[in-house]
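J.: Sequence and predicted structure, then a few things I'm wondering about:
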Amino acid sequence: EAQVTQNPRYLITVTGKKLTVTCSQNMNHEYMSWYRQDPGLGLRQIYYSMNVEVTDKGDVPEGYKVSRKEKRNFPLILESPSPNQTSLYFCASSYSGGVGIQYFGAGTRLSVL
Amino acid sequence: GENVEQHPSTLSVQEGDSAVIKCTYSDSASNYFPWYKQELGKRPQLIIDIRSNVGEKKDQRIAVTLNKTAKHFSLHITETQPEDSAVYFCAASDSGGGADGLTFGKGTHLIIQP
């Protein structure tokens, strides 16, 4: 079954404690991206990757890091989380980059205390 | 960068009536305009998309129109049904110049009244 898998689905942490949200896709897509969703603000792109070792900033990259060492994986790293990063995070992948259908993961709800 | 404005933020219609959601974008280089539907507690899923070389596209009860001159595009849902209740997001993408980001609007909460 074609899917995008995020882990964990729910995470509560404290300010400053480094965390990683994993994302994996089994569709051999070159393009992967991360979004955060906040009430009233919609979906905002954090980072995207057009291929292995190629990443680029989206609209809200501050406070986040990503890496793309393998085609299937695109982890999101928060080196020093702060309360304003409390949000619902979605990973997505696409066959045709930003101009193709985005297949979203189930989401990760993060709370930073 | 691209800026996408979406209106209205909330739309309530009677079951069976039509619903229209409108979006404007700022970057004239944008060439791809998808619409995503997000049901409560679920992930966004593509329902229809349109490219800049097309003015209108239909898929059963759903249609999207694009006016490149005015830089706006709209989602039309006819004969609305209870299962159409969801949040709808428009988006715009520009794949030129090596960049390939996707910018979403803030969303429209569509409520179908029985």
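T.: That came through fine.

J.: Residue ranges in chain B under the pLDDT threshold?
T.: Under the criterion pLDDT under 70, the flagged ranges of chain B are B:95-99.

J.: Spell out which parts of it neighbour chain A.
T.: Taking CB under 8 Å from any CB of the partner chain, the part of chain B that reaches chain A is made up of B:1, B:6, B:9, B:31-32, B:34, B:36, B:43-46, B:49, B:51, B:89, B:91, B:93-95, B:99-107. The C-beta positions use only the backbone N, C-alpha and C, and glycine is treated the same way.

J.: mind running it again at 7 Å?
T.: B:1, B:31-32, B:43-44, B:46, B:89, B:93, B:95, B:99-107 (CB under 7 Å from any CB of the partner chain).

J.: which parts of stretch B:11-21 are buried?
T.: Residues of stretch B:11-21 classed as buried by neighbour count (16 or more other CB atoms under 10 Å in any protein chain shown): B:11, B:13, B:19-21.

J.: Please list the members of those residues that lie in strands.
T.: Secondary structure defined by DSSP state E assigns B:11, B:13, B:19-21 of these to strands.

J.: most centrally placed residue in chain A?
T.: The C-alpha lying nearest the average C-alpha coordinate of chain A belongs to A:Trp34 (CA atoms, centre = their mean; 3.0 Å).

J.: Do you know the pLDDT at A:Ser111?
T.: Reading off the per-residue confidence, A:Ser111 sits at a pLDDT of 98.

J.: Now do the contacts for B:Lys109.
T.: In this structure residue B:109 is His, not Lys. Taking CB atoms under 7 Å, 6 or more residues apart in numbering or on different chains as the criterion, B:His109 is in contact with B:9-10, B:87.

J.: tell me the angle the host helix or strand of it makes with strand B:10-14.
T.: In this structure, B:His109 is located in strand B:108-113 according to DSSP states H and E. Here strand B:108-113 runs at an angle of 20 degrees relative to strand B:10-14 (axes from the mean of the first three to the mean of the last three CA atoms, to 10 degrees).

J.: okay, how far is it across stretch A:21-33, tip to tip?
T.: End-to-end distance for stretch A:21-33: 13 Å, by CA to CA, to the nearest Å.
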